[in-house]
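1. no letters, just coordinates:
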């Protein structure tokens, strides 16, 4: 092992799940040099999935979701300090407090933030919320506990749907406004989104699809919203669940391939420069990363997944302190889950990387099923509803590029090939939220057109 990889200072920007697990891995694999973790929030790393579930339901306090630490990373924690810039030539991270932070190797794990309502004056109304941080969850949970008459949720992705589910479980009336044709359509495609829509309405959600919110109303305090169909919703609270923004602005002048879709890196988590040249001292992991995956034709993926953040952080940390021959790629298959309206939804693979789907087990009527997604004749994803035990099996089929439709044994219908239907993946521009798994290249059913100038 090259001795210089054990020397020098490592800086992790992002006191996140990915940042913490990377720090632990560095120590577990023998790094003994100085280690600094920078985070813009004043809190130590905490778990985000409970925020839209247990915390909103009052079953857990917002400040009780701290992540367990398997090993003390013996790091210097710089919390409540935002990174404002990166000088890759001088190897310095610029901080909001004015102090430059030198590094020899850097891990970018700055994650995402909630996309705000675009009108600042309307967003500032008392009663308008986003949900991303523990502070967000604490404030929203307090207002929900006070018993508002109605809550308006803008966006029916996973976060918006989970918020709506929590409201109904608390007995609160809720209206969900979604620009797309149905809830979760951006993540799961058309067939399962119809099941999601039916479940929301069955639980009393006033679900409005195919509309946008044109204005938030109130005089200091939120009182309602105008919709694009000319209707108005009167409500006491509004939760803007329009997806996430990747925290890359601080890298604008860094020369890295960083932008709204994340920081591009290779399969070993090494960041690319803006010219596509791989760096060897800057790495990236977690929600902010864009990386190629061979199972999905090397398209660049951006994932907002708990499991991906953990696995990618471990790969990045390993590669930061090992020479090229010992480095390994991040090839984990994306997995995510959601609990809402009595359904346990779990996914493996990339459902949006598909052209057809088939219900391999169960049925929509039973609300218990396994749906398998395919692209160009091979399996690329599977989503289970209240059948989570099958997920590992389908993950194996994805990893081995098994043929689509699934053969008997992978499906409880011998005629699966006869009932495959289009996956109905929408254009992300038609949604009011981003998909949980984003293909940041071109969608598989589209082609790039090259325009050649003549004359």
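-> Okay, I see it. None of the values given here were measured: they were computed from a predicted structure. Numbering: from 1, shown residues only.
2. which ones are touching residue 113?
-> Neighbouring residues of residue 113 by C-beta atoms under 8 Å, 6 or more residues apart in numbering: 132, 244-245, 247. Backbone N, C-alpha and C define where each C-beta goes, glycine included.
3. typo on my end, it should be residue 200
-> 156, 161, 164, 176, 183, 207, 341.
4. tell me the one of those residues nearest residue 358?
-> residue 183 (21.5 Å; C-beta to C-beta).
5. which element, helix or strand, includes the closest one?
-> Counting by DSSP states H and E, there is no helix or strand that carries residue 183.
6. surely residue 395 is in a strand?
-> No - using DSSP: H, G, I helix; E, B strand; the rest coil, the assignment for residue 395 is helix, not a strand.
7. quick check, residue 135 in contact with residue 62.
-> Yes - with contact defined as C-beta atoms under 8 Å, residue 135 counts as touching residue 62 (7.1 Å).
8. these two: which has the busier surroundings?
-> Higher neighbour count among residue 135 and residue 62: residue 62, with 22 against 14, using other C-beta atoms under 10 Å.
9. distance check, that one against residue 51.
-> Residue 62 is 7 Å from residue 51, where distance means C-beta to C-beta, to the nearest Å.
10. so what's the residue lying closest to residue 254 once chain neighbours are set aside scoring on pLDDT?
-> Among residues not flanking residue 254 along the chain, residue 86 sits closest, at 4.0 Å (C-beta to C-beta, 6 or more residues apart in numbering). With respect to pLDDT, residue 86 has a value of 98.
11. now, which of the contacts of residue 113 sits nearest residue 393?
-> For these, the nearest to residue 393 is residue 244 (30.7 Å; C-beta to C-beta).
12. distance of the closest residue to the closest one other than its chain neighbours relative to residue 373?
-> Sequence neighbours aside, residue 112 is the residue nearest to residue 244 in space, at 3.7 Å (criterion: C-beta to C-beta, 6+ apart). Distance of residue 112 to residue 373, computed by C-beta to C-beta: 25 Å.
13. so if I had to pick from the two, which one is more boxed in?
-> residue 373 (30 against 20).
14. what about the helices in the protein?
-> Assigned by DSSP state H, the helices in the chain fall at 17-28, 120-123, 134-145, 158-169, 185-188, 190-202, 306-320, 391-399.
15. so for this structure, the centremost residue is which one?
-> In the chain, the centroid-proximal residue (C-alpha atoms, centre = their mean) is residue 304; its distance is 1.8 Å.
16. separation between it and residue 384?
-> Taking C-beta to C-beta, one finds residue 304 at 19 Å from residue 384.
17. what do you get for residue 80?
-> From residue 80 to residue 384 the distance is 40 Å (C-beta to C-beta).
18. and if you look at residue 103?
-> 42 Å.
19. same check, this time on residue 105
-> Counting by C-beta to C-beta - residue 105 and residue 384 are separated by 39 Å.
20. okay, the helices of the chain, which one's buried deepest?
-> Counting by mean count of other C-beta atoms under 10 Å, helix 185-188 has the highest mean neighbour count of the helices of the chain, with a mean of 30.
21. mean confidence score for that one?
-> Summarised as a single mean, pLDDT over helix 185-188 is 90.
22. now do stretch 288-296
-> For stretch 288-296, mean pLDDT is 92.
23. which residues sit against it?
-> 14, 108-112, 246-248, 261-267, 269, 298-303, 312, 330-331, 333, 349-350, 353, 380, 398-399, 401, 439-440.
24. stretch 217-226 now?
-> Stretch 217-226 has contacts (C-beta under 8 Å, 6+ apart) with 122, 125-128, 152, 154, 177, 213-216, 232-238.
25. that older thread, and which of the contacts of residue 200 is nearest to residue 283?
-> residue 161 (33.3 Å).
26. ok, the closest one touching residue 196?
-> Yes - Residue 161 lies in contact with residue 196 (C-beta under 8 Å); the separation is 6.8 Å.
27. could you dump the helices of the chain to a markdown table with distance to residue 67?
-> Putting the helices of the chain into a markdown table (distance: least, C-beta to C-beta, whole Å) gives the following:
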| stretch | distance to residue 67 |
| --- | --- |
| helix 17-28 | 6 |
| helix 120-123 | 29 |
| helix 134-145 | 11 |
| helix 158-169 | 19 |
| helix 185-188 | 25 |
| helix 190-202 | 29 |
| helix 306-320 | 10 |
| helix 391-399 | 24 |
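28. distance of the residue nearest to the centre of the chain from residue 286?
-> Noted for residue 304: a distance of 9 Å to residue 286, by C-beta to C-beta.
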